[in-house]
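S.K.: Okay, predicted coordinates and the sequence, questions at the end:
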Amino acid sequence: MSSSRNVSSNTLTGPRLEGSSSQTNTGRSTVSEQELVEKCLNIVEDYKHGIISKQEAFATITKVVTSTTHEATDQAESYIAAPYFDMLDEWSRNLDNIRAQREPDAA
């Protein structure tokens, strides 16, 4: 066995989502778990910096997850995307709190 065949054994987790991160391919492009995480975190960062809207971020994360987990169930895809959706919601709440603190009292 040559060292060039050494493959990462990072396993994607979630209900009925099996296979190593190098096995998330059904004939399209292979995307590792690390690449999936990086893409989703970059989307969250784009939202944080005002580059995209929250709705665009939700839609893009959904597309990234579904395009890289081809044989996963809807439940598994939701499980994978949920932490990123939570990050978007948390940042949105933080922004709302900051705006509320900056607005003068209406009283």
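M.R.: Thanks, I have the structure now.
S.K.: Specify the local secondary structure of residue 31.
M.R.: With DSSP: H, G, I helix; E, B strand; the rest coil as the basis, residue 31 sits in coil.
S.K.: Surely it and residue 70 touch.
M.R.: No. Counting by C-beta atoms under 8 Å, residue 31 does not reach residue 70; the two are 9.9 Å apart. Glycine gets a C-beta too; all of them are placed from N, C-alpha and C.
S.K.: Quick one: neighbours of residue 97, just the number.
M.R.: 10 (other C-beta atoms under 10 Å).
S.K.: can you check residue 56 too?
M.R.: 13.
S.K.: rewinding a little: what about residue 31 and residue 70, which has more around it?
M.R.: residue 31 (19 against 12).
S.K.: Per-residue pLDDT of residue 22, please?
M.R.: Note for residue 22: predicted pLDDT of 41.
S.K.: Buried residues, the helix or strand residue 92 falls within. List them.
M.R.: Assigned by DSSP states H and E, residue 92 belongs to helix 74-102. Along helix 74-102, these residues count as buried under the neighbour rule (16 or more other C-beta atoms under 10 Å): 76, 77, 79, 80, 81, 84, 85, 87, 88, 91.
S.K.: other SSEs contacting it?
M.R.: With contacts defined as 3 or more C-beta pairs under 8 Å, 6 or more residues apart in numbering; DSSP states H and E, the secondary structure elements packing on helix 74-102 are helix 33-48, helix 54-68.
S.K.: one step back: which one among the buried residues of helix 74-102 gets closest to residue 97?
M.R.: Nearest to residue 97 among the buried residues of helix 74-102: residue 91, at 10.7 Å, using C-beta to C-beta.
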